[in-house]
Structure formats: structure tokens, C-alpha cells
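1. Can you look at this prediction? I've put the sequence above it.
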Amino acid sequence: MATMPDHATDATHSATADRPNSGRRRAFFGAIVGHLLEWYDYGVYGFLAIYIGQAFFASDNPVVSLISSFAVFALSFFVRPLGGLFFGPLADRLGRKRTLLIVLILMAGSTFAIGLLPTSDQVGWVAPVLLVLVRCVQGFSVGGEVGTVTSFIAEYAGPGRRGYSTSWLMTTAVLGLLLGGLVANSMIFLLGSDTMQNGGWRIPFLVAGPLGLIALYIRMKLEDSPEFRQLVSHGTTSKAPLREVFKWKRALALVAAIITLLASMFYLLLTFASTYMSGTLGFDSGTTLVYVFAASALGAVVMPFGGMFTDKYGRKPFLLVLAVLATGALLWFFAAAQNATPESFLAPLLAVALTFGLYSSTPYAVMTELLPTHIRSTGIAVSYNLPVAIFGGSAPMISTALIAATDNISSPVVFFVGTALISIIGLLMLRPSDFARSAEASERALTGQVQVVPTRR
């Protein structure tokens, strides 16, 4: 059973056992609210990509505008590793709470700024340059959010509850994207496409301003995680976490591989599926909206159940089975796209949603258990953001480009099945000793048995 060994959890348990449930709930709520806003911001952009493409990348060919818009969407993901390299070590040195406040300010502020940007009709080439810069700030902030908030939640949860607790981060990410989609599509319905193109698309971005202030106020009231405070009390916080984390190359590689399938399916379901069904398969906008929301909601609903299951029965067997099932669902999804009707396409779409939701329930817990406490935020930031940039944020752009290049609407299957195979290989390589090594390092740091300072070689 590939979970953290019981004999190595004493120090971790002592750091969390004395926390009252009300403290855990308050910390959980504060982290989740901010995380919801982070993903609302990304959801708004994805659902309004067609309007953003026309506003900032004027072209006679709407496909070119859409690909350009998705390219900027993908570009922000390639900045995420840089954000992770900056904020991950900051969270391991100065604390989870402070870092969560900084990244929230950056994310909400940059999203609000998109709503104020001039379009290409107003300032020409300056408009897409400004959009790229603001999106890079968004990506930079999100690169620091994931590792920090995952560490924060896992450390408050403690052993035996990490699967369930961290699964809510993925659930919140999906719900944030759906909230962004709900706001964006409600505006489209109320204002109409012409009004949206003439400036209505700005409103969902501007909403991020007041929402960000509310989330910031809530996060300011939180205490740092009990494990981080225990590191501080023993003087065992890492002085150079970015240098030390690369002593854990095997753990970093395993996390990156396991995350790859989660990343690609997340953006298939939450971003690309909407454009695919409406623009490629020709479904009407009402059907597309209902299908995307229903599939996303199904994935979100099952995530906590997957987390609870792996807390009790182990991570690796569950993830392996789900990765294989997800591969089959992806093959079915793209095969069914040929001559698809709304009726025939619903079942494969829901199969992708179900396998995505169950698979995605657990990798966050695996990340926290493969990487020791004193370098956890840095390790997650490094190992998580790169596969998300390569296989997640670029998924809509790669899929759109594959279809345009091959004139085959099923061609993206090669990309998505490839990501599944990478994760399956990573899972097959996962060993109980990988968890044990991390748990033992965490125990030494949390009990002050060693001073965690990397040595020069």
C-alpha cells in the first residue's frame, strides 16, 4: 500500500493533533476561498477566449484569432515554473501564509487589469503585448499558489486525511473554473455576442477586483500551518530549499509524471471541450454549455470520494487503475467525435469526466507525501508546474493546431493518450520506499533532530 508509513508519522501527527477542529476548518476555508478565486480568473479567460482573440488578435481568419488567444493562455503556463521557483522557496523559508497572501494579490490584480486593457483596434500591436504581460503575471502567481496551498492544506490535515483534504483543492479548481464559466456565459446570454465583443467581455475580469479583496481579508486571518510553525520552533526550516530540493530528483520526476495525465485531462474537460463541441462538432451553444457544466460537475463531485478511498486503501493501485480507464475513455471520446451528435457524444464525455475526477482526487496527496515538509512547497512548485505548462496549458492550443494541420477532428487523441502513458509509467515506478524516505526526512526536521542546511559538494 503506497501511503506514508505509520511509524514515520509521529512528528507530523504531533504537529496537528493539538489543533482544534475549528482551527482546521478555518484554515481550510481560508485556503479554499483564495484558491477558488485563482481558478475563477483562469476560467473566465478560457470561456471568453473567442472574444479575447478577436479583440487582441484581429484576423480575417477566426481560427487564427482563436489559436492566438489559446497561445497566450498557454504562454502563461510556461511562466508558472518561474513563479514556482520564486514562491516555492519563499513559502519554505518565510511561511505558507505570507506567500499565499502575495500570490492572491498578484492574481486578483492582474485579472482585474485584463478588464482595463485597450484592444488592438485602439492601440494596435501594443494591445497583445500588454495582454501577454498581464497573463504572465497571472501565470507567475499561480505557479506559487499550487505548491503553497497544497502544503498548507496537507499540513493542517495531517496523516490519514491528506487524500480527502487535498482532493478539495482540485474540486475547488474545477468549481472556480465553472464559476468563471457561469459568469462569462451569463454575460453572453444577457448581453448577446455583439455587446460582449464590444466591451462586455471586460465585466467578468473586473469582478475579480472586489472578489480578491474579500479573499485577501479571509486569508489574512489565518495562522500558518502547524508543521511549518514546528519547523520554525526547532530552527529546521531549509535555508536554501531550491538547492536542497534537487537532492530529491527521483521524487520530483515521479510527481511530474503522475501529474501529466491530470494536467492534460483538466484542460481538455474544462477549457478545450467547450470550443471543441461548439466550433468543431457543431453543437449549439446551449447544449455545449450544459454538457461542459454537467461533465465538470461530475468530475468535481467524485473527487472527495476518491481522496477518502486512497486514505484508507492506498494511492498507487487506485491511480494505476484510473489511468488505464482514463486512457480508454480518451480513445472513446475522440473516436465518438466522428459524426457525433449531442446524444451520441454524451456518454464518452461523461466517461472522461468520471475518470478525470477520480484520478485527479489523489496526485496532490501523493505530492505532499513524496516530498518532506521543509522543502515541500519548493518541491511541488518545481515538479508540478512544468508538466502543467507542457501538457496542460498547451493542450487547447496543441489540439486546435493538430486539427487544423491534419483536418482530422480525432487527431488530438495522440496527445492525450501520450500523457496517460507517461503517468502510467511513473506510477509503475512508484515504490513504498519513496514515501518512507520522505516521511523519515520530515520526522527528523519536525523533531529538530537535525539542522536542515544543505551541504556543498
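-> Now that the structure is in, tell me what you want to look at. Remember, it's a predicted structure, so these values are computed and weren't measured experimentally.

2. And the helices in the stretch 51-200 of the chain, which stretches?
-> 62-94, 96-114, 120-123, 126-157, 162-195 (DSSP state H, counting those that start in this stretch).

3. what's the most buried one of those?
-> Stretch with highest mean neighbour count among the helices of the stretch 51-200 of the chain: helix 126-157 (a mean of 24; mean count of other C-beta atoms under 10 Å). Every C-beta, even on glycine, is put in place using the N, C-alpha and C of the backbone.

4. so where's the chain uncertain?
-> By pLDDT under 70, the low-scoring segments of the chain are 1-23, 58-71, 73-74, 158, 450-457.

5. Let's have the helices of the stretch 51-200 of the chain in a markdown table, adding distance to F415.
-> Listed next are the helices of the stretch 51-200 of the chain as a markdown table, based on distance: least, C-beta to C-beta, whole Å:
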| stretch | distance to F415 |
| --- | --- |
| helix 62-94 | 13 |
| helix 96-114 | 28 |
| helix 120-123 | 30 |
| helix 126-157 | 21 |
| helix 162-195 | 20 |
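
6. Which parts of the chain are strands?
-> Under the criterion DSSP state E, strands are not mapped anywhere in the chain.

7. got the contact list for L213?
-> Each residue near L213 by C-beta atoms under 8 Å, 6 or more residues apart in numbering is listed here: A108.

8. start at 27 instead
-> All set: I'll call the first residue 27, so the last point we hit is now L239.

9. so how far is A361 from it?
-> 47 Å (C-beta to C-beta, to the nearest Å).

10. about what we covered before: out of the helices of the stretch 77-226 of the chain, the one nearest P252 is which?
-> Judged by C-beta to C-beta, the one of these that comes nearest to P252 is helix 152-183, at 6.4 Å.

11. From the structure, what's the count of residues near the nearest residue to S425 once chain neighbours are set aside?
-> Using C-beta to C-beta, 6 or more residues apart in numbering and skipping the chain neighbours, the partner closest in space to S425 is P438 (3.9 Å). Close neighbours of P438, defined as other C-beta atoms under 10 Å, add up to 27.

12. ok so, going back, for the helices of the stretch 77-226 of the chain, which one sits closest to L62?
-> helix 188-221 (4.5 Å).

13. Which neighbouring elements make contact with the closest one?
-> With contacts defined as 3 or more C-beta pairs under 8 Å, 6 or more residues apart in numbering; DSSP states H and E, the packing partners of helix 188-221 are helix 47-73, helix 152-183, helix 228-232, helix 311-339, helix 389-396.

14. Please name whichever of those is nearest to A427.
-> Closest approach to A427 among the helices and strands packed on helix 188-221 is made by helix 47-73 (16.8 Å; C-beta to C-beta).

15. In the stretch 327-476 of the chain, mark out all the helices, start to finish.
-> 342-362, 368-386, 389-396, 402-413, 421-432, 439-455, 458-472.

16. deepest of these, which one?
-> Among the helices of the stretch 327-476 of the chain, helix 402-413 has the highest mean neighbour count (mean count of other C-beta under 10 Å), at a mean of 29.

17. can you list the residues that contact it?
-> By C-beta under 8 Å, 6+ apart, helix 402-413 touches 106-107, 109-111, 113-115, 117-118, 122, 125, 169-170, 172-174, 176-177, 180-181, 264, 267-268, 270-271, 274, 277-279, 281-283, 285-286, 289, 393-394, 396-397.

18. how about a cut-off of 7 Å?
-> Helix 402-413 is contacted from outside by 106-107, 110-111, 113-115, 117-118, 122, 169-170, 172-174, 176-177, 267-268, 271, 274, 277-278, 281-282, 285-286, 289, 393-394, 397, using C-beta atoms under 7 Å, 6 or more residues apart in numbering.

19. do stretch 195-209 as well
-> 58, 61-70, 73, 175-176, 179, 230, 233, 296, 319, 322, 325-326, 329-330, 386-387, 390.

20. Among the residues you listed, name the buried ones.
-> Buried by 16 or more other C-beta atoms under 10 Å: 58, 61-70, 73, 175-176, 179, 230, 233, 296, 322, 325-326, 329-330, 386-387, 390, out of the contacts of stretch 195-209.

21. re the thing from before, and the helices and strands packed on helix 188-221 as JSON lines, adding distance to N211?
-> Below are the helices and strands packed on helix 188-221 laid out as JSON lines (distance: least, C-beta to C-beta, whole Å):
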{"stretch": "helix 47-73", "distance to N211": "6"}
{"stretch": "helix 152-183", "distance to N211": "21"}
{"stretch": "helix 228-232", "distance to N211": "10"}
{"stretch": "helix 311-339", "distance to N211": "6"}
{"stretch": "helix 389-396", "distance to N211": "28"}
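
22. Among those helices, which comes closest to L101?
-> helix 152-183 (6.3 Å).

23. Counting by contacts, list what that closest one packs against.
-> Using 3 or more C-beta pairs under 7 Å, 6 or more residues apart in numbering; DSSP states H and E, the elements in contact with helix 152-183 are helix 47-73, helix 75-82, helix 88-120, helix 122-140, helix 188-221, helix 252-260, helix 389-396, helix 402-413.

24. can you redo these as CSV with distance to L159?
-> Shown next, in CSV, are the helices and strands packed on helix 152-183 (distance: least, C-beta to C-beta, whole Å):
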stretch, distance to L159
helix 47-73, 14
helix 75-82, 12
helix 88-120, 10
helix 122-140, 9
helix 188-221, 21
helix 252-260, 33
helix 389-396, 30
helix 402-413, 19
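
25. out of the ones you listed, nearest to G474?
-> Taking C-beta to C-beta, helix 252-260 is the member of the helices and strands packed on helix 152-183 nearest to G474, at 3.2 Å.
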